[in-house]
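>>> I would like the atomic coordinates for the input below:
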Amino acid sequence: MCLLKSSVNKRERLTGRPAGRIASAIARRVLPLLLVLLVAACAVPRPVIKIALVAPFEGYYREVGYDAFPAMRLALREQIRAGGVGNYEVSFVAYNDNADPVFAERVAHNVALDDNVIAVIGNLRPDTTVAALSVYTSSLLPVIVTDIPADAAPSGSLVFRMGPSTSALVDALKRCPGAGSPGNAPWLQPYKGEVSAFALEHLSDFQSPAAYKTIGGSIAGLCFATATPYPRDLPAADKALAQFAEVSGTTGAGPRSISAHDATRLLLRAIEDDIAAHGRPTRSGVAEALRQISYNGLLGNIRFDENNRWASAPVWIYQYEADGVARMIGNTQ
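Okay, the predicted model is just below:
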């Protein structure tokens, strides 16, 4: 209000009119507008912190990133409706790694250099995740790893693995009916008595819309296990992601949308807890908060063990039918 008082005094000196009449005129005509301008000018912007999503957004695997990013935005909407994250503004920044391990490592350096990035969700594929992890952790960035077997990612105090273990996936695949899938290519046969490392690495790709286009009619009978179901098979996820198409401007949510949503809510909760404990969020503080969290997410109750693994992560089992639709035949939830 000192600016307004100064303006009034200057006007009095210039006109020589009584202060009361000048003040009255200003109050009637100018004061409301000035108050609005002053409030806008004096408003203190909230500090910004960022969560980075690193995933492929171009090329053959581009749907991986586009399944995840809108789900993160929906998760933030929920957090805002629930009261926000302290006095901080949270924004998301998406980085394309081209599903290329060499490029992913280079991108990770760029992510780490942004001091406002407080945590990472990435890289949603095994080879790129492994390539980038050491860069993140050397910069003290906590990373939530989703959609790949937990033991496919190196352990570490800053690496939080949401996926089921390889052994859990193998056990689930043994529940597939018959001998598995037809065809001669090994990546079309995730289970025929033995499970190759190559097949396990590509399990999540069997859920891709490109799978049917690539494999064609021989996909019928293909049985696979995955860390995340299709939203249609998980009512809570279907509801939480109902506005996905509106937010993304594309088609509906996919399996990776569910894990991205859960990972985002986990991070927002950790940031909130860190602020409550220390007054402001830091990379190390968010990591410590993640170790303590028990969060009831779309995929189940998520709590990391002493190795930062979600030991009870569920597995979902699907089989393709002749119409090219993968239908759930079981889960371990």
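>>> just the strands in the stretch 1-150 of the chain please.
Counting by DSSP state E, counting those that start in this stretch, the stretch 1-150 of the chain has strands at residues 48-55, 89-96, 117-122, 143-145.
>>> Pairing partners for I49 in the sheet, please.
V90 (DSSP bridges).
>>> In JSON lines: the strands of the stretch 1-150 of the chain, plus distance to A240.
Quick note: C-beta positions are derived from backbone N, CA and C, even for glycine. As requested, these are exported to JSON lines (distance: least, Cβ to Cβ, whole Å):
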{"stretch": "strand 48-55", "distance to A240": "18"}
{"stretch": "strand 89-96", "distance to A240": "17"}
{"stretch": "strand 117-122", "distance to A240": "17"}
{"stretch": "strand 143-145", "distance to A240": "18"}
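>>> Now render those strands as JSON lines, adding distance to G249 and mean neighbour count.
Converted to JSON lines, the strands of the stretch 1-150 of the chain look like this (distance: least, Cβ to Cβ, whole Å; neighbours: other Cβ atoms under 10 Å):
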{"stretch": "strand 48-55", "distance to G249": "17", "mean neighbour count": "22"}
{"stretch": "strand 89-96", "distance to G249": "15", "mean neighbour count": "17"}
{"stretch": "strand 117-122", "distance to G249": "21", "mean neighbour count": "27"}
{"stretch": "strand 143-145", "distance to G249": "26", "mean neighbour count": "27"}
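>>> Take the ones you listed and lay them out in TSV including distance to R161 and mean pLDDT.
Shown next, in TSV, are the strands of the stretch 1-150 of the chain (distance: least, Cβ to Cβ, whole Å; pLDDT from 0 to 100):
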stretch	distance to R161	mean pLDDT
strand 48-55	16	96
strand 89-96	20	95
strand 117-122	12	97
strand 143-145	5	98
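>>> ok, now which ones touch D171?
Shown in contact with D171 (Cβ atoms under 8 Å, 6 or more residues apart in numbering): V315.
>>> what about 10 Å?
Counting by Cβ atoms under 10 Å, 6 or more residues apart in numbering, D171 touches P164, S165, A225, V315, T332.
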